[in-house]
Each structure stands twice: as structure tokens, then as C-alpha cells.
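Asks: Below is the sequence, then the predicted model.
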Amino acid sequence: NTGMYDRILVPVDGGPGTERVIDEALELATLTGAELHALSVIDTRDYGTLPEATWLTIREEFEREAEQALTTVKTAVGERAPLTTATERGVPHEAILAYATEEGCDCIVMGTHGRSGLDRVLLGSVTERVIRHATVPALVVHIDGDD
């Protein structure tokens with residue numbers, strides 16, 4: 001591939017607007033001949049503060065959401081671009097940056113916020129931190145949360 005990008009990373013949370021972010025990444029992949037990497041991060045920061053039974057229930061829910069988000073990506077992408085999907089656990093922005101480095105991703109496509117309310121603020125800060133620390137270009141897709 002002699003395109004501008006070889007591997008485009010799309011962190012997904014399955015919230016509203018995910019499709020818009022995927023479409024943007026897919027368009028870029030199609031234009032540049034890049035392969036897509038979709039990453040779902042399960043946030044493990046709250047492990048220590050919860051009773052184990054509670055945490056296990058939440059973790060199952062998180063894992064189901066992660067799986068669903070990746071399924072959404074697979075459906076949207078279909079045969080239009082090569083796709084790799086992965087689930088990581090950890091602090092979201094750290095996991096995203098580590099994955100980008102390990103997999104040699106040369107562009108990161110992200111939405112500006114997540115679901116609503118607090119999540120919106122949190123994902124906003126994840127996107128912000130990724131952009132601030134990324135050593136590769138980041139494309140930010142504005143999501144207004146009403147889709």
C-alpha cells in the first residue's frame with residue numbers, strides 16, 4: 001500500500017454516533033487503501049472500588065457492549081475494507097494509544113463524545129487525551145448525540 005495511511009484505528013464505544021465515526025474511517029480507508037482496526041476498550045479503573053459480585057455483573061455488561069460495538073463495525077464495513085477488531089482492558093486513552101503504537105496505526109479516527117451526560121464528558125476527555133498524546137494524526141468526527 002502506497003497510500004497516505006496503512007492502518008487506521010477506530011476506537012468504538014457503541015454509543016450514538018458510532019456509525020458516523022465508522023463511516024468517516026471507512027471513507028478514509030477506502031481513499032487511502034488502508035486497513036481498519038476497530039478497538040473497544042473495557043474501562044477497568046473501577047475494579048478496586050466495587051464488591052466483586054457487583055463488578056462481575058458490570059464487567060459482563062461492558063463485555064457485551066464491547067462485543068456489540070465491534071459487531072456494529074463489522075456490519076458497517078462488510079467487504080469494503082480489511083478489518084481487524086480487538087478488545088482491550090484498561091484506562092481508555094492509555095489502551096488506545098498503546099494499541100496504536102503496538103499495531104503501527106498511523107491515523108486515529110474518534111468521535112467527540114459518547115452517549116450522554118457524564119459519558120459525554122468522559123469520552124470527550126478520552127478523545128482529548130488521545131489527541132494530546134498521539135504521535136500520529138487524529139481525525140475527530142463531531143457527533144451531536146441525536147442520531
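Replies: Cool, got the structure.
Asks: Return the backbone torsion pair for the residue lying closest to residue 137 once chain neighbours are set aside.
Replies: Among residues not flanking residue 137 along the chain, residue 107 sits closest, at 5.2 Å (Cβ to Cβ, 6 or more residues apart in numbering). Quick note: C-beta positions are derived from backbone N, CA and C, even for glycine. Phi and psi for residue 107, reported as degrees, to the nearest 10, are phi -160, psi 140.
Asks: Residue 107 reaches residue 34, doesn't it?
Replies: Yes. If you go by Cβ atoms under 8 Å, residue 107 and residue 34 touch, sitting 7.4 Å apart.
Asks: Name the residues contacting each of the two.
Replies: 5, 7, 8, 28 (Cβ atoms under 8 Å, 6 or more residues apart in numbering).
Asks: what's the neighbour count on the third one?
Replies: So the one you mean is residue 8. Neighbour count for residue 8, taken as other Cβ atoms under 10 Å: 25.
Asks: and residue 36, what does it touch?
Replies: 7, 8, 10, 25, 26, 29, 73, 77, 81, 82, 83, 84.
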